[in-house]
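Engineer: My questions are about this predicted structure, shown below with the sequence.
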Amino acid sequence: MSRQTIVVLFAAVALASEARAQTSSGVQMTPDSRRYLISKDVGTERWAISFNLADRTVTGNVFKTDGSAPSFIWCRITGETPAPEPSQSSYVLDCFGADACAAAPCADESWTPIASGLTIGGDFLLPGNTQATFRGNVQPIFTARCALPACHSGVEPEEELNLEAGQAYGNIFLRLPHQHDEHFLIEPFAPSSSHLFLKILGEEEGEQMPLGGPPLSEEQVAGIRNWILEGAADN
C-alpha cells in the first residue's frame, strides 16, 4: 500500500470527526438489525462502509473522486462512550487500510495501520435523528432498575432472565420468555408485541415490572419504545 494512499485514508478518517455538517449521507439498517450500511461523502471521497454491531467493526470502501481505484478500510472499535443523546455517543477506532487484492490469496501484510485511537461520533455512524440506543438509553435502565441482586442478575436470575450489561441484549432480542409464549421479549419495530415492554407498561399478565419499585418514568418508557421502534439494535 503506497504512502500516498495511507495519507489520503488517514486524512479522510480524521476529517470524518470534523466535517459532519458538510457531509451528505445515507444510512440504512439491515433487516436483521445487525448492522448499519453507510454511504457518506467525507472531504473529496465517498465512503461506503458497514458498522457491524455484532463484532463492533467498521469496514468498507473508500472511493476517490479522481476515478482512481478504491481503497479498503477495516476498523475495530476499541472503546465506546454511550450517551442518552445518541448523536453524542462516541466510538474509539483503530483503523487499517489496503489497496485492491489482484488475485487470491490476499496477504495479511497488504493491510497497513492508518489510525489508532480515532474518535468518531454517533452522528457519523448512526442514522440521523436516532432517538435511542440500547447502550445509551436501555441498558442504563436495566442496570439501575432490573439487574439487581435477587432480581435479573447473577447465576440464577428471576425468570432465568439476566439483564446485566453484556448479557441483556442476547437474552431479550427475538427470545421467547418461555417455550410456548406468544411474544418475543423484544421484537424489533414492534413494541406492542414485545413481552418485556408490555410487562414494563403493566399490560401483560402478572406483576408490572420493575417488581417492588415505582414504574419507570415516562421518559424511560419512551426511550425503550423508541429503541424498539428503531429496530432494537445492539447499538
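Structural biologist: Looks like it arrived, so ask away.
Engineer: Doesn't Ile120 belong to a helix?
Structural biologist: No - the assignment for Ile120 by DSSP: H, G, I helix; E, B strand; the rest coil gives strand, which leaves it out of any helix.
Engineer: what kind of secondary structure is the residue lying closest to it once chain neighbours are set aside in?
Structural biologist: Distances taken as CB to CB, 6 or more residues apart in numbering place Tyr91 nearest to Ile120, at 5.1 Å, with adjacent residues excluded. Just so you know, the C-beta spots here come from the backbone N, C-alpha and C atoms, and that holds for glycine as well. Assigned with three-state DSSP, Tyr91 falls in the strand class.
Engineer: Which SSE is immediately downstream of the helix or strand of the chain with the lowest mean pLDDT?
Structural biologist: Least confident helix or strand of the chain, by mean pLDDT, DSSP states H and E, is helix 3-16 with a mean of 49. Following helix 3-16 in sequence order, the next helix or strand is strand 25-29 (DSSP states H and E).
Engineer: which other residues reach that next one?
Structural biologist: Contact partners of strand 25-29, identified using CB atoms under 8 Å, 6 or more residues apart in numbering, comprise 35-41, 126-128, 230-231, 233.
Engineer: same deal with stretch 62-79?
Structural biologist: Under the contact criterion CB under 8 Å, 6+ apart, stretch 62-79 has outside partners 1, 5, 8-9, 12-13, 44-49, 56-61, 91-100, 111, 114-115, 117-118.
Engineer: how does the protein divide into domains?
Structural biologist: For the chain, automatic domain parsing gives the domain ranges 3-125, 134-229.
Engineer: among those domains, where is the model least confident on average?
Structural biologist: Per-segment mean pLDDT for the domains of the chain reaches its minimum on domain 3-125, at a mean of 83.
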